[in-house]
Structure formats: structure tokens, C-alpha cells
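Enquirer: Got a predicted structure plus its sequence, pasted below:
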Amino acid sequence: MVHVPPIKLIRTPCYDRRGIQPTWDNTKGVRLETDRVTTSLEERIAAAQARLDRRGLLDALRALVQIPSVYDPAVPDGNERLAANFVAGLLDDWNIEYRSREVAPNRPNIVADIDGVRPGPLLVFEGHTDVVTAGDRAAWDVDPFAGEIRDGRLYGRGACDMKGGLAAMLFAARALHESGSEFAGTIRLAVLADEEGLMRGAKGFVADGELDGAAAAIICEPEGDRVCIAQKGAIRLRVTLAGRMAHGAMPEEGANPITALGLIVSRCRTLEREIQSENPPHPLLGPFYLTPTVALAGEREQGNVIPSSAELLLDIRTTPANDHATTIERVTAAVSAAVADVNGVTCQVEVIDDRPSTETDPEDPVVQSVIAAHRAETGQHPPFGGVPGSTDGTIFWAATRVPLVTYGPGITTLPHQADEYVDLDEVVRYARTYIAAALRFFDLMERGGG
């Protein structure tokens, strides 16, 4: 038998990716215990922010804007597919596992988790890959999908709404991952489709159980440095009117649905004022609105024909004071009363979409964590705000009442406009703030703040 002398193990200071220093028995060559290296919250924030790849972030943002992820059923690889593939490629490069599921053909959600070194609460960061149409190209001074940079601003459709916020949250998560994930909890990246339409991405995310157990969510939409803790609800109604076609010169022989449509618009204006008078404007969201947005009837080429049908779309924006079931009942009653004044016309009212308003306690840990992170990064206390439209967060709120903060780079009023842009330094600042907000949130929750 060959005698093998014992190997002498020399203890040298080293740390694993979690900041754990092993303790060794040099005579037996075995690991006995672990000692956690104590680092302060501020040190962990600084270490993670130091891993933020500014150049990579801005290059990825520009590449995302150059992908025309406008929903178009006529383009098989249009829609969100290419943008989602780009995000998946980033996660592959970063060795972050992800889940992909189509919520509609060529419209995938991408979901990825960053686990901390200890178990803890689930914090969701949400962004969407779809953008609205560029509209009239003549109204743009730049190519909406070229990703042109001027004076520190990136121009293009979706730069502000909301690929700036999407890129910032992705690269913030990467920095946290590469710095050792020194937190107690899980960050879930929700990269969703169809926010600009029927929010199929958010609804699919909820249906897949991805929101189950979430302690909070940060919606990375552009809000102009406001910490938005409320969102207006949205109800969309379709009113279908059926009448009887006749010659325009003999209206008594027909039943004109356009007449009924006009009366409905008038009644809705009266009802809007009634509901507004019942509650003061919400301090962050303003008043209730009931707005006709689409009216369809007749043919332009046949101006001498009373049409047999008409259609009206109503866009209703609510605050927490407005019960949606009651609101729908009142609008339906007003529509029916208006139609009853026109002999021979009938109507049907259909609820197309119903998204609740949201309101998060300003003392909630996620709110306080974002405020503290913003203040540390800018030196200023951010104002509270409310989202006048609705985001994917309304779907999250409807499902679980998860505390929400809407907070992302970009000017609130720029989305959907020509020459949309986002400030590049601001995108980097938000990525740094997301890093700090996440670590502050997990620290606060671990210390019993939630």
C-alpha cells in the first residue's frame, strides 16, 4: 500500500457570492460553520450600484426602441415577439433563468426570478414590451424606430412608454444578481405583453399564479419623478344601437339610431356631472370622467340614408369613491332612458373592460423604500402622484390587492406623442434607484417593517 501523506490545508480569508466566510478545521480539512460578514445596508446598495452596466443599459435600451413592437396581427413576427426575444437573450447572457409563455400568438410574457441568499418576501418589477403605433410619420422629426440620440435624449416610439423603465429594471436586477443577491427575498421580473391593449399579459401573469404571495409591485411606467400610489380605474362600455334603415328624405319611415346616439351622449354628460358632484375630486387622481370616445354610424358615401345601426364606445375613469357595479348600472340606465325617447330603436350595453382604481397606503414598506431610494439618489423628497390612466398594476390590484408603486423614467405626458423621448441619464438614475429601493424594501421587511 502506498502511503499518502495528509494534505495540509491553509486557511485563507475568502467569501462566497453571498458574503459568507467559511470556517475550516485545518487538521481535518472540513468546513465547520459559517460566519456572515456584516455589511451595512448602505454598503450593499453601493456594491450593487457599482455593478450597474451603464453602457450596456443604454445600448440595450436603444436596441429595444429599434424593435417596432407595435401590435399588428398582419405581421407574424411583429407584435412583442422580437422584443421579448431580445429580453430573453439578455437573461441568457446573464445566466438568469426565465419562463416564457404566449398569452396570444406571438405575444409572449417573460418572467424571471432573482433569489436572495435568504428566503423572504416577493417583490415584482413590471414592464411591458408593446408600444402604440407611431401614427403619422410626417408628424415626427425623427424616425420613430431608429433610436436616434440627440443631446442626451433617446428618441423613438416606446422610449418613454416604457422601454426606458423596462431596461432600467432589467439592468438593476442584473446588478443585484451579480453583486451576490445579498438580500432576504425574491425579485420577480415581469416583462409583459399587451399593456396598451386589453392587458392580456398582466391577466396571463395573474392566471399563471405568478403574482401569488407577492408582497409588493413596482410598475416602471414614466411618472416624472413622482411616486404614484394611486391609479384611476377604467370601465369601457360598448353601446350597440339597432334601428331601421330609410331614405333620408323620409325619416318617418325609419328608426334613426344616430338620433338615439346623440341623446345618449347628452345624458352621459349630465350623469358625469351628477357623479362628480357626489364626491370631491380625489387628491391624487382628480374627478370621475365619463367620456364618449368612438361613434360609428352610416356610410360617408351615402349621406342620404338613415342607417340601421350605430355604435358608441364610452371610456369611464373612476376613483376609489366610485363603485364599479353601481357605475355600470347608472350608465346603463341613462343609455336606456335616452334610447326610449326614439321610437323603433333598441340598444345593448356591453362591458368591454373593467379595471379597478388602486390606492396604496403611503406608509407601506414599498412606498417608503422607493421614497428613501429616490431621496438618496437625488437629494430631494419626491411628491406623491396618481396615474390618470391605468397600467398593468390595475390587473394586479384586482387580483390580490398587492401594494403598488408606479415609478419610472420619463415625462408623464410624453407617451403616445410624436417625437417621444427619454433622458438617458435619467434612465441610469432610475436603475440605480431600483437597486436601492429593492434592497431597502427587503431590509425593512426583514426587520419587521411589513
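Expert: Yep, that arrived. Everything quoted here is computed from the prediction, not taken from an experiment. Numbering: from 1, shown residues only.
Enquirer: is it true that I258 touches P307?
Expert: Yes. Applying CB atoms under 8 Å as the test, I258 and P307 come out as touching, 6.9 Å apart. Using the backbone N, CA and C atoms, a C-beta is placed for each residue, glycine as well.
Enquirer: Please identify every residue contacting each of those two.
Expert: Common neighbours of I258 and P307, counting by CB atoms under 8 Å, 6 or more residues apart in numbering, are A297, G298.
Enquirer: Could you pull up the contacting residues of V349?
Expert: Neighbouring residues of V349 by CB under 8 Å, 6+ apart: L237, R238, V239, V331, T332, V335, S336.
Enquirer: Next, format these as CSV and append pLDDT, secondary structure and neighbour count.
Expert: Listed next are those as CSV, based on pLDDT from 0 to 100; DSSP: H, G, I helix; E, B strand; the rest coil; neighbours: other CB atoms under 10 Å:
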residue, pLDDT, secondary structure, neighbour count
L237, 98, strand, 23
R238, 98, strand, 15
V239, 98, strand, 26
V331, 98, helix, 24
T332, 98, helix, 16
V335, 98, helix, 25
S336, 98, helix, 15
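Enquirer: Show me the two of those residues that sit farthest apart.
Expert: Farthest pair in the contacts of V349 (CB to CB) is R238 and S336. Separation: 14.7 Å.
Enquirer: I'd like to know how far the closest residue in space to Q231 that isn't next to it in sequence sits from G224.
Expert: Counting by CB to CB, 6 or more residues apart in numbering, V387 is the residue found nearest to Q231 once chain neighbours are left out, at 4.0 Å. To G224, V387 is 11 Å away according to CB to CB, to the nearest Å.
Enquirer: who has more neighbours, those two?
Expert: More crowded of V387 and G224, by other CB atoms under 10 Å: V387, with 24 against 17.
Enquirer: Correct me if wrong: the more buried one contacts P222.
Expert: No. Taking CB under 8 Å as the definition, V387 is not a contact partner of P222, at 10.2 Å.
Enquirer: Low-confidence stretches in the stretch 351-450 of the chain?
Expert: Where the stretch 351-450 of the chain drops to pLDDT under 70, the residues are 449-450.
Enquirer: Okay, helices next: where are they in it?
Expert: Assigned by DSSP state H, counting those that start in this stretch, the stretch 351-450 of the chain shows helices spanning 365-378, 393-400, 424-446.
Enquirer: Run the angle between the longest one and helix 365-378 for me.
Expert: For helix 424-446 against helix 365-378, the angle between stretch directions is 140 degrees (axes from the mean of the first three to the mean of the last three CA atoms, to 10 degrees).
Enquirer: tell me which strands and helices helix 424-446 is in contact with?
Expert: Applying 3 or more CB pairs under 8 Å, 6 or more residues apart in numbering; DSSP states H and E, we find helix 424-446 packed against helix 41-50, helix 54-65, strand 118-128, strand 153-155, helix 164-178, strand 184-192, strand 214-219, helix 365-378.
Enquirer: tell me the angle of it relative to strand 184-192?
Expert: Going by the same axes, to 10 degrees, helix 424-446 makes 140 degrees with strand 184-192.
Enquirer: can I get the CA coordinates of stretch 335-351 in CSV?
Expert: The C-alpha trace of stretch 335-351 is given here as CSV (Å, rounded to 0.1, in the frame of the first residue of the first chain):
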residue,chain,number,x,y,z
VAL,A,335,-78.4,54.9,-22.0
SER,A,336,-81.7,53.0,-21.9
ALA,A,337,-83.6,56.2,-20.9
ALA,A,338,-82.1,58.1,-23.9
VAL,A,339,-82.9,55.3,-26.3
ALA,A,340,-86.5,55.0,-25.1
ASP,A,341,-87.1,58.5,-26.5
VAL,A,342,-86.6,57.3,-30.0
ASN,A,343,-89.3,55.0,-31.4
GLY,A,344,-88.1,51.9,-33.0
VAL,A,345,-84.5,52.0,-31.7
THR,A,346,-83.2,49.3,-29.3
CYS,A,347,-79.8,49.1,-27.6
GLN,A,348,-77.4,46.7,-25.9
VAL,A,349,-74.7,47.7,-23.4
GLU,A,350,-71.7,45.5,-23.2
VAL,A,351,-68.8,45.8,-20.7
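Enquirer: which parts of that stretch are buried?
Expert: V335, A338, V339, V342, V345, C347, V349 (16 or more other CB atoms under 10 Å).
Enquirer: host element of K203?
Expert: Using DSSP states H and E, K203 sits within helix 200-207.
Enquirer: ok now that helix, how far from the chain's centre?
Expert: Averaging C-alpha positions (CA atoms, centre = their mean, to the nearest Å) puts helix 200-207 12 Å from its chain's average.
Enquirer: Contacts made by that helix with the rest, please.
Expert: In this structure, residues lying in contact with helix 200-207 by CB under 8 Å, 6+ apart are 101, 103-104, 107, 109, 111, 126, 128, 130, 190, 192-195, 211, 392, 395-396, 399-400.
Enquirer: Can you select the buried ones among those for me in ChimeraX?
Expert: In ChimeraX, this line selects whichever of the contacts of helix 200-207 come out buried by 16+ other CB under 10 Å:
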select :101,103,104,107,109,111,126,128,130,190,192,193,194,195,211,392,395,396,399
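Enquirer: Can you give me every residue that contacts the closest residue to D443 other than its chain neighbours?
Expert: Spatially, and ignoring its direct neighbours in sequence, D443 is nearest to L41 (5.0 Å; CB to CB, 6+ apart). Under the criterion of CB under 8 Å, 6+ apart, the neighbours of L41 are L439, R440, D443.
Enquirer: So what's the residue count around D136?
Expert: Using other CB under 10 Å as the criterion, the residues surrounding D136 number 8.
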